[in-house]
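Undergrad: Could you work out the structure for the sequence below:
(2 chains)
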Amino acid sequence: MSDVFFLAEFVGGAPARSAQELATGAAALAKQSGGSAVGLAYGEGAAEGAAGLGAWGAARAVVLGDSNAPAITHAAAAASAVRDGELALLAPATPNGRDLAAAMVGLLGVPAFGPVRAVRFEDGRLRAEASTLQGTSVTISEPVDGAPSPAVVLVLAGTFTPEEGSGTSAVESVETDGGPLAAEHVTESHAEGKAAVNLEEAQVIVAGGRGVGSAEGFAQLQQLADALGGAVGASRAAADAGWVPYQLQIGQTGKVVKPALYLAAGISGAIQHRVGMQTAENVVAINKDPDAPIGEFADLFVVGDLFAIIPKLTEEIRRRKGA
Amino acid sequence: MKIVVCVKQVPATTAEKRYTPDFRLDRASAESVINPLDEYAIEQALRLQEAGTVESVAYLSMGPEQAAEALRRALAMGGDEAYLVTDDGLAGADAWATARVLAAALDKLAPDVALMGMASDDAKGSLVPGAVAALRGLPLLSYGSELRLEDSVARIRRLNATGYDIIEAALPVVASVTDQVGEPRYASLKGIMAAKRKPLENWTLADVGIGADELHGAALTRVVEVRPPEAKAPTERIENLPAEEAATRIADWLGARKLI
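TA: Okay, the predicted model is just below:
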């Protein structure tokens, strides 16, 4: 009656960072509610890797499908793997996670929360905490009395920190014909350039915006990111300009990230960008405009020329790391 | 071929927003606009109509009576007709209730493509397209940076880890598009005048075949508390320093937080 399910996406044979985070979070929540954490595994390598979800606390794992098919095609399997009366289904707030979570809402008629930055079991109820109205409010929500379950909870990247142990999940599989939601097919797949670093996993992100001015400017940011052991991200303006691929875009229509350090160079900090990075633990902004909106929410705001400061900073970081 | 674009009216990004005493967004107090991400879905639909692929473009919204303004604005961009599901029983609707109502209205309109923006500015869940697809028993083509239609098949171009995929499904489908489909057009004066004469129909819950008792009071979720975020330490500023010195100061700041 109190199990916590989570979506476990596999990429290239291994559980994605989101699967590790949600397994850890589901295990913690299940401990509060007196149930078990159950992984719903899909993606390439899910069949073989599902048992490994036990390392992050999943008691059981259900394999929905082992292929590169669009995530939504596993909706019917996911719906048949959960049961009314169980507490929650945690889903990553990524496009794939949202699609599957949305299908659960439609197929099962269950409540949906999020994207949340915390989820708890309190007074016998599920409580979800979200940041709303552009970060000016925090709301706590719960299912209404008599609502079917499990409640679907979209969870932002970085909400839970993976804690890896040594357990093994009992693995089950489900049989479904997939239904109408399994009718999508990938007919072409195009790779453009090298695999981008997964921004949702990066602990340090050096992001550039309109002020970076060119692809060459981004090469400077890459050097700083390399020195810090991090990844490069971008605002929509920089992706639209073609200086970086859209895979690096952070913001409302790009990735939502929560690194330990977010260093924004030449990014004004419009609300659409802010919603993609506002939960970063430390925000450093470099901008030549002393009135840029990012100056209002950065932890450290450096007014100056990024082209002069970034190379010096890269040098200084290398020097200190080498020392 | 017929497309229905689902449009949501939301408070303007810049509008001052507040909650009502029962923790609902006070929509009456805020300046309202078409959800900016829905404008890309409108643009995609109108481009397909201009290309001759699609004969008719209609708009569908669920909201208070004032949401008709958003539909008029959509009609001013182009398209043929609009439908607004408005009912006292829908105040405070959550993602599930919204999807139920839109799915019922779409079943009635029976378009080849029900097209939506990738997210709404206020709720940010991106749950409605997938929930509507599941409720209607139709394929979902989501997060398209382009939608193409030919030979009873819909195709979207969707970003993957390093490039993009083409994903297809047989019509009818539910689809959502991103802000990469192309910049939404502005309504011309002529378009605004023309929109006043285009049909805009109001539907109640009963008109789409949903009984008021089927919606759990329009929401399966409730907000029990709203509070301000934890106070954040004030921003430290570094100004008017030579680059080298500024770089040293940043490195010191990072070092003090064990980020190097």
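Undergrad: hey, let's count contacts and neighbours off CA atoms from now on
TA: Will do.
Undergrad: list the helices and strands the helix or strand encompassing A:Gln220 packs on?
TA: For A:Gln220, the host element (DSSP states H and E) is helix A:215-228. Packing partners of helix A:215-228 (3 or more Cα pairs under 8 Å, 6 or more residues apart in numbering or on different chains; DSSP states H and E): strand A:204-208, strand A:231-234, helix A:306-322.
Undergrad: and among the ones you listed, the most buried is which?
TA: Burial of these is given as mean neighbour count (mean count of other Cα atoms under 10 Å in any protein chain shown); strand A:231-234 ranks first at a mean of 30.
Undergrad: Let me know whether B:Gly137 touches A:Leu181 as I believe.
TA: Yes. Using Cα atoms under 8 Å, B:Gly137 is in contact with A:Leu181, at 6.9 Å.
Undergrad: residue contacts, A:Ala170?
TA: Applying Cα atoms under 8 Å, 6 or more residues apart in numbering or on different chains, we find A:Ala170 in contact with A:Ala51, A:Ala59, A:Arg60, A:Ala61.
Undergrad: Please identify, among those, the one with the most neighbours.
TA: Highest neighbour count within those: A:Ala61, with 30 neighbours (other Cα atoms under 10 Å in any protein chain shown).
Undergrad: count of neighbours near the nearest residue to A:Pro150 once chain neighbours are set aside?
TA: Nearest residue to A:Pro150, sequence neighbours excluded (Cα to Cα, 6 or more residues apart in numbering or on different chains): A:Ala88, at 4.3 Å. Neighbourhood size, A:Ala88 [other Cα under 10 Å]: 27.
Undergrad: Looking at strand pairing, list the partners for A:Ala88.
TA: Note on A:Ala88: beta-bridge partners A:Val4, A:Ala151, judged by DSSP bridges.
Undergrad: still on that earlier bit, which one of the helices and strands packed on helix A:215-228 lies nearest to A:Glu188?
TA: If you check each of the helices and strands packed on helix A:215-228 against A:Glu188 by Cα to Cα, strand A:231-234 wins as the nearest, at 26.5 Å.
Undergrad: What's the mean pLDDT across that closest one?
TA: Averaged across strand A:231-234, pLDDT comes to 97.
Undergrad: Show residues contacting it.
TA: Under the criterion Cα under 8 Å, 6+ apart, residues A:197, A:199, A:202, A:204-209, A:221-222, A:225, A:244, A:248-250 lie in contact with strand A:231-234.
Undergrad: Please export the C-alpha coordinates of that strand as PDB.
TA: What follows is strand A:231-234, C-alpha atoms only, in PDB (Å, rounded to 0.1, in the frame of the first residue of the first chain):
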ATOM      1  CA  ALA A 231      30.700  21.200 -19.000                       C
ATOM      2  CA  VAL A 232      29.600  24.000 -21.200                       C
ATOM      3  CA  GLY A 233      26.000  25.100 -21.500                       C
ATOM      4  CA  ALA A 234      24.300  28.000 -23.300                       C
END
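Undergrad: B:Asp121: neighbour count?
TA: B:Asp121: 23 neighbours (other Cα under 10 Å).
Undergrad: Report pLDDT for the residue nearest to it when sequence neighbours are not counted.
TA: In this structure, B:Asp121 finds its nearest non-sequential neighbour in B:Asn35, 6.1 Å apart by Cα to Cα, 6+ apart. Predicted confidence (pLDDT) for B:Asn35: 95.
Undergrad: how many neighbours does B:Asn35 have?
TA: 21.
Undergrad: Below-threshold pLDDT in chain B: ranges please.
TA: Scanning chain B for pLDDT under 70 picks out the ranges B:29.
Undergrad: Could you do chain A as well?
TA: Applying pLDDT under 70 to chain A flags residues A:1, A:194-196, A:323.
Undergrad: Which one's more surrounded, B:Gly137 and A:Leu181?
TA: Each of B:Gly137 and A:Leu181 has its neighbours counted (other Cα under 10 Å); A:Leu181 has more, 25 against 17.
Undergrad: so what's residue 170 bridging to?
TA: Since no chain was named, I'll use chain A. Beta-bridge pairing of A:Ala170 under DSSP bridges involves A:Arg60.
Undergrad: that's the wrong chain, I meant chain B
TA: B:Val153.
Undergrad: Domain-wise, how is chain A divided?
TA: A:4-182, A:199-322 (automatic domain parsing).
Undergrad: quick one: which of these is nearest B:Lys258?
TA: Using Cα to Cα, those put domain A:199-322 closest to B:Lys258, at 10.1 Å.
Undergrad: Quick one: distance of stretch B:78-90 to the chain centre.
TA: Per Cα atoms, centre = their mean, to the nearest Å, the displacement of stretch B:78-90 from the mean C-alpha position of its chain is 14 Å.
Undergrad: Quote the end-to-end distance of that stretch.
TA: End-to-end span of stretch B:78-90 (Cα to Cα, to the nearest Å): 28 Å.
Undergrad: Show me how far stretch A:184-204 is from its chain's centre.
TA: The chain centre lies 14 Å from the centre of stretch A:184-204; the measure is Cα atoms, centre = their mean.
Undergrad: Same question for stretch B:87-102.
TA: Put simply, stretch B:87-102 sits 15 Å off its chain's centre (Cα atoms, centre = their mean).
Undergrad: neighbouring contacts of it?
TA: Residues from elsewhere that reach stretch B:87-102, judged by Cα under 8 Å, 6+ apart: A:105-106, A:109-112, B:24, B:60-64, B:85, B:127-129, B:131-132, B:135, B:204-205, B:208, B:210, B:212, B:215, B:217-221.
Undergrad: For stretch A:116-133, list every residue counted as buried.
TA: The neighbour-count check on stretch A:116-133 (16 or more other Cα atoms under 10 Å in any protein chain shown) flags A:116-121, A:126-133 as buried.
Undergrad: Output it in PDB, but only the C-alpha positions, please.
TA: Output of stretch A:116-133 as PDB, limited to C-alpha atoms (Å, rounded to 0.1, in the frame of the first residue of the first chain):
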ATOM      1  CA  VAL A 116       9.100  19.500  -7.500                       C
ATOM      2  CA  ARG A 117      12.300  20.100  -5.600                       C
ATOM      3  CA  ALA A 118      11.300  18.000  -2.600                       C
ATOM      4  CA  VAL A 119       8.800  15.200  -1.800                       C
ATOM      5  CA  ARG A 120       8.000  13.800   1.600                       C
ATOM      6  CA  PHE A 121       5.600  11.400   3.400                       C
ATOM      7  CA  GLU A 122       4.000  13.400   6.300                       C
ATOM      8  CA  ASP A 123       1.000  12.700   8.400                       C
ATOM      9  CA  GLY A 124       0.200   9.700   6.300                       C
ATOM     10  CA  ARG A 125       0.200  11.700   3.100                       C
ATOM     11  CA  LEU A 126       2.400  12.500   0.200                       C
ATOM     12  CA  ARG A 127       3.500  16.100   0.100                       C
ATOM     13  CA  ALA A 128       5.300  17.700  -2.800                       C
ATOM     14  CA  GLU A 129       7.200  21.000  -2.700                       C
ATOM     15  CA  ALA A 130       7.600  23.200  -5.800                       C
ATOM     16  CA  SER A 131       9.000  26.600  -6.500                       C
ATOM     17  CA  THR A 132       6.400  28.700  -8.400                       C
ATOM     18  CA  LEU A 133       5.700  32.200  -9.700                       C
END
